[in-house]
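[1] starting from these lines, generate the structure:
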Amino acid sequence: PGKAAAHAAQATGGAGDEALALPHSVEGRPLARIGVRALPWAPASLVVPDTLRTVERDNACRGTKHLVLPEGLEVVDAHCFCSRILEGPVCVPASVRSVGEGCFEYAVCRLARTGTIVHVSADQLLTCFLDDPADGVPFDFARYDALLLSGKSLPDRLGALLHRLSAPYRLDGEVRAALVARLRDQERAAQERVAREGDAGMVRALVEAGFIDERTFDGQIELLRACNRTDCVAYLMEWHRGQGGGKARPSRERFAL
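    This is a model prediction of the structure:
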């Protein structure tokens, strides 16, 4: 199976612009693993079949931008999928129970098991992935939160903070408040990012976390209106009315949809 993957990559030009869909079977047997260093390089798009269960170490797939991993994949060994140009979020299937160090460097990953989006450090020594943890969630959220607070080696710290607060899996109140404080250090940039890229779920989570409050309400809703985010505007107006903020001048009059 490892040789078959390597031959398939070579046939498409290695690090070229073409797509590579690995075969479901080789010589009549299901492709269940990718061998060690079978894919040091791969094309811009790589699709992995649903028969695959293990990706062995050192399959960096340099050159790959678009990566599709299947449900059913269980193990990703060290130093895999670290092309540093992966476009995401890359979905890490819920079936994955073990991810080695140095994987997905610089990438934004969606952990299907927890519904969270995480930003992977540029320093493999700061990896938060776990190798076969007892609870089956291959990610150390406590270490990740410490990394977010320190800001070390995160290519997009602002995006990481917003995504962490948007899906607060295993995030206690004290740490959440500390992350909000970090977000306030870049308040205007964060508000603009929410308006451009956020959704109603993110807005709701930021209200619950206290980042969007009475003080920041007007500025955030104006930016959302400018980006035509009517669903987010509607949610915030409803929340503001519930807070009694529309008594003097109803939000609907100030911010008509």
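[2] so where do the helices sit in the stretch 51-200 of the chain?
    141-150, 157-166, 173-184, 187-197, 200-209 (DSSP state H, counting those that start in this stretch).
[3] could those go into TSV alongside distance to residue 28, mean neighbour count and mean pLDDT?
    In this view, the C-beta of every residue, glycine as well, is placed from N, C-alpha and C. Shown next, in TSV, are these (distance: least, Cβ to Cβ, whole Å; neighbours: other Cβ atoms under 10 Å; pLDDT from 0 to 100):
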stretch	distance to residue 28	mean neighbour count	mean pLDDT
helix 141-150	42	17	96
helix 157-166	43	21	97
helix 173-184	52	15	97
helix 187-197	46	17	97
helix 200-209	46	19	97
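[4] would you turn these into TSV with distance to residue 129?
    Shown next, in TSV, are those (distance: least, Cβ to Cβ, whole Å):
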stretch	distance to residue 129
helix 141-150	10
helix 157-166	15
helix 173-184	20
helix 187-197	25
helix 200-209	24
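[5] among the ones you listed, which is nearest residue 229?
    helix 187-197 (6.3 Å; Cβ to Cβ).
[6] so which elements touch the closest one?
    The helices and strands touching helix 187-197, judged by 3 or more Cβ pairs under 8 Å, 6 or more residues apart in numbering; DSSP states H and E, are helix 157-166, helix 200-209, helix 217-226.
[7] what residues sit buried inside stretch 80-99?
    80-83, 86, 88-99 (16 or more other Cβ atoms under 10 Å).
[8] narrow the residues you listed to those in strands?
    90-92, 98-99 (DSSP state E).
[9] follow-up on the earlier one: will you turn the helices and strands packed on helix 187-197 into a markdown table that also has distance to residue 233?
    Shown next, in a markdown table, are the helices and strands packed on helix 187-197 (distance: least, Cβ to Cβ, whole Å):
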| stretch | distance to residue 233 |
| --- | --- |
| helix 157-166 | 18 |
| helix 200-209 | 9 |
| helix 217-226 | 5 |
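[10] so how far is residue 56 from the closest residue to residue 145 other than its chain neighbours?
    Excluding the flanking residues, the one nearest residue 145 by Cβ to Cβ, 6 or more residues apart in numbering is residue 175, at 5.1 Å. Between residue 175 and residue 56 the computed distance is 35 Å (Cβ to Cβ, to the nearest Å).
[11] cool, residue 96 as well?
    The separation that residue 96 has from residue 56, given Cβ to Cβ, amounts to 14 Å.
[12] can you list the domains in the protein?
    For the chain, the TED database gives the domain ranges 15-139, 157-245.
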